[in-house]
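*Asks:* after the sequence you'll find the predicted model.
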Amino acid sequence: MKRSWQKPVLWIVIAVAVFGFLRVKFGGIAPTPEAFAAHTSFDDAMAQSELSGKPVLLMATADWCGPCQILKRGALSDPAITAWIAEKTVPAYADFTDGNTAEAQHLGRLLGIRSFPTLVMIRDGVEVSRREGVVSTGSLLKWLEQAGG
């Protein structure tokens with residue numbers, strides 16, 4: 001008699017093993033980049049932006065997202081990027097690790113977040129630019145300068 005449950009269980013075991021290996025290989029969950037360490041919510045950042053005149057730079061990320069961890073350890077950990085973000089923007093951090101939270105669902109709909117990592121520059125309540133995926137330090141700095149004006 002053939003057991004129909006064995007094949008799906010085998011795939012689940014393989015997937016968990018691969019995920020565990022990749023997590024160990026790439027150092028697990030990267031720390032929050034210094035520029036976003038305050039974990040400022042989108043709503044709070046928008047209020048601060050209105051007072052300061054600086055644009056909001058939103059980072060949409062998730063702990064389970066491999067490219068997010070690469071971006072956090074790479075370009076977003078560069079001191080030049082950290083300084084630029086701190087000086088010229090109001091950084092906001094949106095954690096989509098549990099996409100079922102009310103905040104994640106609201107931001108996902110409001111900003112059309114479809115992939116991770118996503119960086120969104122917002123000036124005067126209007127999105128002016130968006131960058132999705134992993135990017136080098138040089139490319140990120142160029143994008144920030146163009147988007148942040």
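*Replies:* Perfect, thanks for sending it. Numbers count the residues shown, from 1 in each chain.

*Asks:* nearest residue to the residue nearest the centre of the chain other than its sequence neighbours?
*Replies:* By CA atoms, centre = their mean, the chain has its centre lying nearest to Thr61, at 2.7 Å. Ranked by CB to CB, 6 or more residues apart in numbering and with sequence neighbours excluded, the top spatial neighbour of Thr61 is Cys68, at 4.3 Å. Yep, even glycine has a C-beta here, placed from its N, CA and C like the rest.

*Asks:* okay, now the unreliable bits of this protein?
*Replies:* 1-3, 5-6, 15-26 (pLDDT under 70).

*Asks:* test my guess that the residue nearest to Thr61 contacts Phe116.
*Replies:* Yes: when contacts are counted by CB atoms under 8 Å, Cys68 is listed as touching Phe116 (5.3 Å).

*Asks:* give me the common contacts of the two.
*Replies:* Thr61, Ala62 (CB atoms under 8 Å, 6 or more residues apart in numbering).

*Asks:* neighbour-wise, which of these two wins?
*Replies:* Neighbours were counted for Cys68 and for Phe116 using other CB atoms under 10 Å; Cys68 has more, 25 against 21.

*Asks:* list the buried ones in the helix or strand containing that one?
*Replies:* With elements taken from DSSP states H and E, the one containing Cys68 is helix 66-73. Within helix 66-73, the residues that count as buried by 16 or more other CB atoms under 10 Å are Pro67, Cys68, Gln69, Ile70, Leu71, Lys72.

*Asks:* mind listing the strands for the chain?
*Replies:* 56-61, 90-95, 118-123, 126-132 (DSSP state E).

*Asks:* deepest of those strands, which one?
*Replies:* Ranked by mean neighbour count, the strands of the chain are led by strand 56-61 with a mean of 26 (mean count of other CB atoms under 10 Å).

*Asks:* got the contact list for it?
*Replies:* 33, 36, 42, 45-46, 49, 68, 71-72, 76, 85, 89-96, 107, 111, 113, 116-123, 144, 148.

*Asks:* all helices for the protein, in order.
*Replies:* 6-25, 42-52, 66-73, 79-88, 102-111, 137-148 (DSSP state H).
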